[in-house]
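Participant: starting from these lines, generate the structure:
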Amino acid sequence: MNRKDDDRFRIRPGTPKQRGDAFINKVLHQTNKAGAKLGKTVGKAGQRPGSRLGRGHVAARFAGASLTPNARRVMIKARLVNLTKAGPRSATAHLRYIEREGVDRQGGPGHAYGPTTDTADTAAFEERGREDRHQFRFIVSPEDAEPLDALRTYTRYLMARMEADLGTRLDWVAVDHWNTDNPHTHVVLRGKDDTGKDLIISRDYIAEGMRHRAAELATEWLGPRTELEIQRAMQREVNQERWAGLDRTLQREAVDGLVQLERLAVPRLQRQRQMLIGRLQHLQRMGLATEQQPGTWAIHSEAEPTLRAMGERGDIIRTMQRTMSGKQRELAVFQAGEDGRAIVGRVVGKGLADELYDKGYLVIDGIDGKAHYVALPPRSELEQYPTGAVVEVKGVADVRAADRNIAALAVDGVYRTDHHLAVAQGQASPDRDPRDVVATHVRRLEALRRVGIVERVAESVWRVPDDLAERGRQYDAQRLGGGVAVELKSHLPIERQARVIGATWLDQQLIDGGKGLGDLGFGSEVKDALQQRANILTEQGLAERHGQRVVLARNLLATLRGRELAKAAQDIATETGLEYLPVADGQRVAGVYRRSVMLASGRYAVLDDGMGFSLVPWKPVIEQRLGQQLVATVRGGGVSWEIGRKRGPAIS
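Facilitator: Numbering: from 1, shown residues only. This is a model prediction of the structure:
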């Protein structure tokens, strides 16, 4: 390039790269990084990348300036939820979770409130936020919630200070929870400001400003902590088997993993010094620290994860003990794939292990005489597991027996139901209908077909891959995040199962001979219920007693299911005036999905074709299609659902 070319050089600015949605999404991504526990503070306000983006960054620099070491402490957890990814059901489910039964002071349901009302309309709140891009969720937990007492008033004052800091009115609802050792408040905040624009809050304000405002308010109301209160709080931490505040202080003072006692002698640590030394000694007894030489301690690298795991395990044990109410049981935490065995039992308790992320758990009184804690997969709905219901919990790390059977029965990669039926008839016991056996495998094949693992080449004929068992295992593991699958065996408690006319879980236990039942707890109760059930079936002509032995009628489950369906259909016909149209095995039936009915034999969908109605086995996936035209194909006790009248992609 010559000199004249240099003179003609002009800068031509390009189009800005970050505008509109792209810019907002970047802000949300950066803000979401602050959605961890806000007790952690890294660096000073205003010094982190992106800290000046959004409302409240100025307030974050000045909030807490008046706080002293004696100030009241408040822990705040925050989460920013991108509703475009999580879906509208996320907001509905979260509000339902925090308003669940057993969280208020009297053990009743939670009550949502707002800035000016003690009875917030959560449905209206959801409707206002239906088009919101994001939503903020906070858990506000004052250390002194009990003496603070009026959490509702405290929360309103805190949110008013946030409005002043952020320069906008806020649309929020809150629910107080008193069901734990640390009373706290859940706050759900819409992601819109008072002009209808997206509400973007500074990372610094989320990480520090809100917590400082909460601490200022608690200190104003209760006064500073006394020296005695501070000493007692630290003394409690010395021997705790969990990650504690003293551990965080030691972590900050450590250099290359070593804590020098002279570093603990500085004035700012004077009140903590003896407690910190006591904590080091306790960690040494636990094998998590070593005094390498007098005055020099090495904290092991696994100390933090070990203490956090111990704290979590302690919380689980206390939860189980409260749930079992003093009943003598061996306590166990279910680990997927630990021994390959499933557990079956009665739901005696349920709740949220992580209320911010809606991660649920079940406590199950097992037929083996043990009480089991089960961490549920993400997005599990607690409502589908009623207290008293019977469930089976499996780890999905193992290959399903059905997949092994299908692979073994396939000839040159082709599985045929007629071949399987012939084999099943040759192996059948009088208590088990071979058609039910085949129908179970067909339902599994339909599920695998929908994700492209197997191919249906003709009616009752499937082409299966050589590695079907492994691919089926991988599919289950991906579908059921967390490695745990929970199957509802019956929504009815065993007391009702013993008396109803319908195919129940107790009937299956009778067919299987009551295998695996322990002599303690739920196992013992099931044994008693089986005797009652056998008596009922004998009265109905569906079983005979030969001494101590009970001989069940052939095709017992199908007979009971048919009787219950006939009774339910008669009730619906009387109610609606429509004619009942029974569905034959292998038949395709179309109609508008009107509602579902819960029977002892399971849940059924009511399909209305305009001339009559049919009862078809229900699947969770169709609940979103209420009022829509659906097509179902019934095979055995299972069903495959399609959208519309024409054959198309199956949805279940």
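Participant: remind me which residues of this protein are low pLDDT?
Facilitator: Scanning the chain for pLDDT under 70 picks out 1-52, 88, 149, 337-340, 396-398, 428-432, 480-482, 636-637, 643-652.
Participant: where do the helices sit along the stretch 151-300 of the chain?
Facilitator: Using DSSP state H, counting those that start in this stretch, the helices found in the stretch 151-300 of the chain span residues 151-166, 203-204, 210-222, 227-238, 245-253, 273-285.
Participant: out of those helices, which is closest to Leu615?
Facilitator: helix 151-166 (47.2 Å; Cβ to Cβ). C-beta: built from backbone N, CA, C; applies to glycine.
Participant: what comes up buried for the closest one?
Facilitator: Residues 151, 154-156, 158-159, 161-162, 165-166 are the ones in helix 151-166 that count as buried (16 or more other Cβ atoms under 10 Å).
Participant: how about stretch 515-530?
Facilitator: Across stretch 515-530, burial judged by 16+ other Cβ under 10 Å covers 516-517, 520-523, 525-526, 529-530.
Participant: now for that stretch, what's the gap between its first and last residues?
Facilitator: Stretch 515-530 has an end-to-end distance of 12 Å (Cα to Cα, to the nearest Å).
Participant: so which of the helices of the stretch 151-300 of the chain is nearest Trp618?
Facilitator: For Trp618, the closest of the helices of the stretch 151-300 of the chain is helix 151-166, at 40.4 Å, according to Cβ to Cβ.
Participant: just checking, what packs against that closest one?
Facilitator: Where contact means 3 or more Cβ pairs under 8 Å, 6 or more residues apart in numbering; DSSP states H and E, helix 151-166 is packed against helix 57-62, strand 134-142, strand 172-177, strand 184-190, helix 210-222.
Participant: and the second one, how far from the chain's centre?
Facilitator: Computed by Cα atoms, centre = their mean, to the nearest Å, the separation of strand 134-142 from the middle of its chain amounts to 18 Å.
Participant: could you tell me the angle between that strand and strand 184-190?
Facilitator: Put simply, strand 134-142 runs at 160 degrees to strand 184-190, going by axes from the mean of the first three to the mean of the last three Cα atoms, to 10 degrees.
Participant: can you tell me the strand partners of strand 134-142 and which way each runs?
Facilitator: The pairing partners recorded for strand 134-142 under DSSP bridges are strand 74-82 (antiparallel), strand 184-190 (antiparallel).
Participant: can you show me the CA trace of the shortest one as PDB?
Facilitator: If I follow you right, that is strand 184-190. Extracted in PDB, the C-alpha atoms of strand 184-190 (Å, rounded to 0.1, in the frame of the first residue of the first chain):
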ATOM      1  CA  HIS A 184     -37.300 -18.800  56.000                       C
ATOM      2  CA  THR A 185     -39.300 -17.000  53.200                       C
ATOM      3  CA  HIS A 186     -39.600 -17.900  49.500                       C
ATOM      4  CA  VAL A 187     -39.900 -14.800  47.300                       C
ATOM      5  CA  VAL A 188     -40.900 -15.100  43.600                       C
ATOM      6  CA  LEU A 189     -40.100 -11.900  41.700                       C
ATOM      7  CA  ARG A 190     -41.300 -11.200  38.100                       C
END
